[in-house]
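Undergrad: Using only what follows, build the 3D model:
(chains A and B)
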Amino acid sequence: MDDIYIILVASLFSISCGLLGSFLILRRMAMVGDAISHAVLPGIVIAFLISGSRDSFEMIIGAALLGLITSFLIEFFHKKANLQTDAAIGVTFTWLFALGIILISVFAGQVDLDQECVLYGEIAYVPLDLWITDAGLNMGPKALYVSAFILAAVIIFLSFGYRYLHITTFDSAFAASIGISIGLWHYLLMGMVSMTTVAAFDSVGAILVVALFVVPAATSYLLTRKLKSMLLMTVLLSFLNSFLGYYLASTINGSISGAIASTSGVFFLLAFLFSPIDGIWIKAIKRNFDKSKNTSKTKFNKIFKE
Amino acid sequence: MINKSKIILVLYLSFCFFACKQNSNPINEGQVTIVSTTGMIADMIKNIVKEKAIVSSLMGPGVDPHLYKATQGDLKLLQAADLIVYNGLHLEGKMTEILENLSNIKNVEAISNHITQDSILSDPQHPSSPDPHIWFDVKLWSSAIDGILPVLINLDTSQKEYFTSNALAYKKTLHNLDAEVKSTLESIPHEQRILITAHDAFKYYGHAYNIEVRGLQGISTLSEFGLKDRVDLVDFIVKRKIHAVFVESSVSQKNIMAIVEGCKQKGHNIIIGDSLFSDAMGAENTPEGSYIGMVRSNTHSIVNGLTNKKE
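TA: You can find the predicted model right below:
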């Protein structure tokens, strides 16, 4: 049963992250997940200073708030200062992380407080972190409920917003001309990203989340050029990653998140080599084919001219 | 092309399944199994139950419990355990919360609940966040034996007498160890009883054995050491003519090296004392691989360093 819980939680979070990550990649904001993982630090410190406790609940509230502020600041710098998105992401998260470190050394230097020990969960402990009602009834792992809720929210958001997200992602000028608010859809997407990121941090840990946002989506980007099939392929890959990654971890008795992230890397490598669109193998064959065509052409020209 | 990638995928899949078939479960049936988080706890329990139970700890030698990452096997160990014992006071980070919650349906005990509660040190600014490094006060640590003994007897009531006599013997050993640490430290002159280490893990040690403890950073591994703190500390060392600063087995040496350099520039030579064991014990099958050996080794390193006997 433990195996099923872990694979299920990993795949549910992986699918949520992958679906949102596909849009992030197309908008050149792939590293937002990583940015949020650092930028939540001041939120954690402030939540601790206000509540005086290091329980998950307070930490998640603080982290979620900072996640939203991060995505707001990124868009703000991008729009108002005309900064490239990657630069805006870089400025925002390093600045917020530094702020968090200063807050710790000034106010809480004697307290063990960092994301690693108060926010980031560990996927191996998913089957242990149970929801137990006041009556002592065991309702199963908490993370299962959280991940199912997040996935439901992501799917509802995408099914309502798909057309708007599609058009603001690919042709923002056209979107603006027909009266779709680009800013609104950006903030909605980023809001979903922050919520998913923070919830996933709490249940499965940071490395995994950052990888899940980028790698499966990037892999399917190599395999297809249609948004819909990219999303579908991401879902499929997310599930495969979690499943194979878990069994890899159990084989080598290693870290589960490490194994899942590595498996997704293996899939990316396969796509990179053998993708029918962009794979370097097919490119090499095409090049050879073109070359042989070219040479025969020049030969033909030569003969013709002579 | 697609065929090739499919073949590789299938190969990879089958490799995974084949590989996990071979993986057999090493957990022993029939005997009582006890899992602890840190090696110090496992050592205490081993000394009480001896060969009557299988005791294992999740965190091996040299592991920082604040940053510990679980493996897939850990989960199996925890699920199969008849008793889980952890340190508590947030030493295990987020895992503390999970274990607390798990105690509703499983046999889970926190060592920190069984020690003399008045002796728990905490920062006056944040009273809700106590210092978790309780094992460095030998007397305090041994006070947990009384609390944990009934829990162990509950696991196997037939061994009541055996466990009790083992616990008494171990308590006596720890009592002697406590006296030994005190008398060994006597050889350090009073004004030089200052322990400077990289990570603030020795507050309980200092409190119990009358040594002033100065850390280079706070308890959190993220809190940085300010420039001014560094200058102040160097001045302090030069003024008090302290002979040695210490590094710990589970914390990096960088910050300590900066202090050594700073003192050199002021014309005061300071040595780096032998490495101290802080959050984890030494390697298995070495003297430092047990709680007693670890305390002894730390005490000798501190005495040697501060009295400038060796090196």
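
Undergrad: Now do the helices in the chain.
TA: Answering for chain A, as no chain was given. Using DSSP state H, the helices of chain A run over residues A:2-26, A:32-39, A:41-51, A:56-80, A:85-107, A:115-118, A:142-170, A:172-177, A:182-204, A:206-223, A:227-252, A:256-274, A:280-305.

Undergrad: not what I meant, chain B
TA: B:2-22, B:39-49, B:72-80, B:94-102, B:138-155, B:160-185, B:203-209, B:227-240, B:254-265, B:291-306.

Undergrad: Output those in JSON lines, with distance to chain A and mean neighbour count appended to each entry.
TA: C-beta coordinates here come from the backbone N, C-alpha and C atoms, glycine included. Output for the helices of chain B, formatted as JSON lines (distance: least, C-beta to the nearest C-beta, whole Å; neighbours: other C-beta atoms under 10 Å in any protein chain shown):
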{"stretch": "helix B:2-22", "distance to chain A": "4", "mean neighbour count": "13"}
{"stretch": "helix B:39-49", "distance to chain A": "17", "mean neighbour count": "24"}
{"stretch": "helix B:72-80", "distance to chain A": "4", "mean neighbour count": "20"}
{"stretch": "helix B:94-102", "distance to chain A": "5", "mean neighbour count": "22"}
{"stretch": "helix B:138-155", "distance to chain A": "19", "mean neighbour count": "19"}
{"stretch": "helix B:160-185", "distance to chain A": "25", "mean neighbour count": "16"}
{"stretch": "helix B:203-209", "distance to chain A": "9", "mean neighbour count": "21"}
{"stretch": "helix B:227-240", "distance to chain A": "9", "mean neighbour count": "14"}
{"stretch": "helix B:254-265", "distance to chain A": "13", "mean neighbour count": "16"}
{"stretch": "helix B:291-306", "distance to chain A": "21", "mean neighbour count": "21"}
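
Undergrad: Of those, which is nearest residue A:7?
TA: Comparison of the helices of chain B against residue A:7 by C-beta to C-beta identifies helix B:72-80 as nearest, at 11.6 Å.

Undergrad: The residue sitting nearest the centre point of chain A and residue A:37, how far apart?
TA: Nearest to the geometric centre of chain A sits residue A:213, at 1.7 Å (C-alpha atoms, centre = their mean). Distance of residue A:213 to residue A:37, given as C-beta to C-beta, to the nearest Å: 10 Å.

Undergrad: Give the intersection of the neighbour lists for these two.
TA: Residues touching both residue A:213 and residue A:37 by C-beta atoms under 8 Å, 6 or more residues apart in numbering or on different chains: residue A:197.

Undergrad: quick check: mean pLDDT across stretch A:90-98?
TA: Stretch A:90-98 shows a mean pLDDT of 93.

Undergrad: Can you show me the CA trace of it as PDB?
TA: Taking Å, rounded to 0.1, in the frame of the first residue of the first chain, the C-alpha atoms of stretch A:90-98 are listed here in PDB:
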ATOM      1  CA  GLY A  90      16.800  36.200 -11.100                       C
ATOM      2  CA  VAL A  91      16.600  39.600  -9.400                       C
ATOM      3  CA  THR A  92      13.400  38.800  -7.500                       C
ATOM      4  CA  PHE A  93      14.300  35.500  -6.000                       C
ATOM      5  CA  THR A  94      17.900  36.300  -5.000                       C
ATOM      6  CA  TRP A  95      16.700  39.500  -3.400                       C
ATOM      7  CA  LEU A  96      13.900  37.800  -1.500                       C
ATOM      8  CA  PHE A  97      16.200  35.000  -0.400                       C
ATOM      9  CA  ALA A  98      18.800  37.400   0.800                       C
END
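
Undergrad: Any residues of the stretch 151-300 of chain A in contact with chain B? List them.
TA: Counting by C-beta under 8 Å from any C-beta of the partner chain, the residues of the stretch 151-300 of chain A close to chain B are A:205, A:244, A:246-251, A:253-257, A:266, A:270-271, A:273-274, A:276, A:279, A:281-282.

Undergrad: Out of those residues, which end up buried?
TA: Buried members of these, scored by 16 or more other C-beta atoms under 10 Å in any protein chain shown, are A:205, A:244, A:246-251, A:254-257, A:266, A:270-271, A:273-274, A:279, A:282.

Undergrad: Give the residue spans of the chain that score low on pLDDT.
TA: Going with chain A. Within chain A, the segments meeting pLDDT under 70 span A:108-110, A:293-306.

Undergrad: wrong chain, I was asking about chain B
TA: Along chain B, the parts satisfying pLDDT under 70 run over B:1-29, B:199, B:216-226, B:249-253, B:309-311.

Undergrad: Now for the nearest residue to residue A:63 once chain neighbours are set aside: which residues touch it?
TA: Nearest non-adjacent residue to residue A:63, counting by C-beta to C-beta, 6 or more residues apart in numbering or on different chains: residue A:40, 3.9 Å away. Residue A:40 makes contacts with A:62-63, A:66-67, A:70, A:115, A:119, A:198, A:201, as judged by C-beta under 8 Å, 6+ apart.

Undergrad: hmm, which two among those are most spread apart?
TA: Checking these with C-beta to C-beta, the most distant pair is A:70 and A:119, at 14.4 Å.

Undergrad: Could you check how far residue B:93 is from chain A?
TA: Remark: distance between residue B:93 and chain A (C-beta to the nearest C-beta, to the nearest Å) = 3 Å.

Undergrad: before we move on, the earlier item: wait, the residue nearest to the centre of chain A touches residue A:24, no?
TA: Yes: between residue A:213 and residue A:24 a contact is recorded at 6.5 Å, counting by C-beta atoms under 8 Å.

Undergrad: any shared contact partners between the two?
TA: Common neighbours of residue A:213 and residue A:24 (C-beta under 8 Å, 6+ apart) are A:30, A:32-33, A:193.

Undergrad: possible to save those as a markdown table with neighbour count?
TA: Output for these, formatted as a markdown table (neighbours: other C-beta atoms under 10 Å in any protein chain shown):
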| residue | neighbour count |
| --- | --- |
| A:30 | 21 |
| A:32 | 29 |
| A:33 | 26 |
| A:193 | 26 |
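
Undergrad: ok, so of these, who is nearest chain B?
TA: Comparing those against chain B with C-beta to the nearest C-beta places residue A:33 closest, at 19.0 Å.

Undergrad: Spatially nearest residue to the closest one, not counting backbone neighbours?
TA: Distances taken as C-beta to C-beta, 6+ apart put residue A:213 closest to residue A:33, at 3.8 Å, once the chain neighbours are dropped.

Undergrad: dump the residue contacts of the one you found.
TA: Counting by C-beta under 8 Å, 6+ apart, residue A:213 has contacts A:17-18, A:20-21, A:24, A:30, A:32-33, A:193, A:197.

Undergrad: if you set the cut-off to 6 Å instead, what comes out?
TA: Counting by C-beta atoms under 6 Å, 6 or more residues apart in numbering or on different chains, residue A:213 touches A:17, A:21, A:33.

Undergrad: Ramachandran coordinates for residue B:278?
TA: The phi/psi pair for residue B:278 (degrees, to the nearest 10) reads phi -120, psi -70.

Undergrad: residues near it, how many?
TA: By other C-beta atoms under 10 Å in any protein chain shown, 25 other residues sit near residue B:278.

Undergrad: Nearest spatial neighbour of residue 75, chain-adjacent residues omitted?
TA: This is for chain A. residue A:186 (5.6 Å).

Undergrad: Let me rephrase: I mean chain B.
TA: Sequence neighbours aside, residue A:124 is the residue nearest to residue B:75 in space, at 4.7 Å (criterion: C-beta to C-beta, 6+ apart).

Undergrad: Equivalent analysis for residue B:138, please.
TA: Here the nearest residue to residue B:138 in space, its sequence neighbours aside, is residue B:178; by C-beta to C-beta, 6+ apart that works out to 4.2 Å.

Undergrad: That neighbour and residue B:140 touch, don't they?
TA: No: Residue B:178 is not in contact with residue B:140 according to C-beta atoms under 6 Å; the separation is 9.6 Å.

Undergrad: what distance separates the start and the end of stretch A:21-37?
TA: One end of stretch A:21-37 sits 15 Å from the other (C-alpha to C-alpha, to the nearest Å).

Undergrad: Next: stretch A:28-45.
TA: Counting by C-alpha to C-alpha, the terminal residues of stretch A:28-45 are separated by 30 Å.
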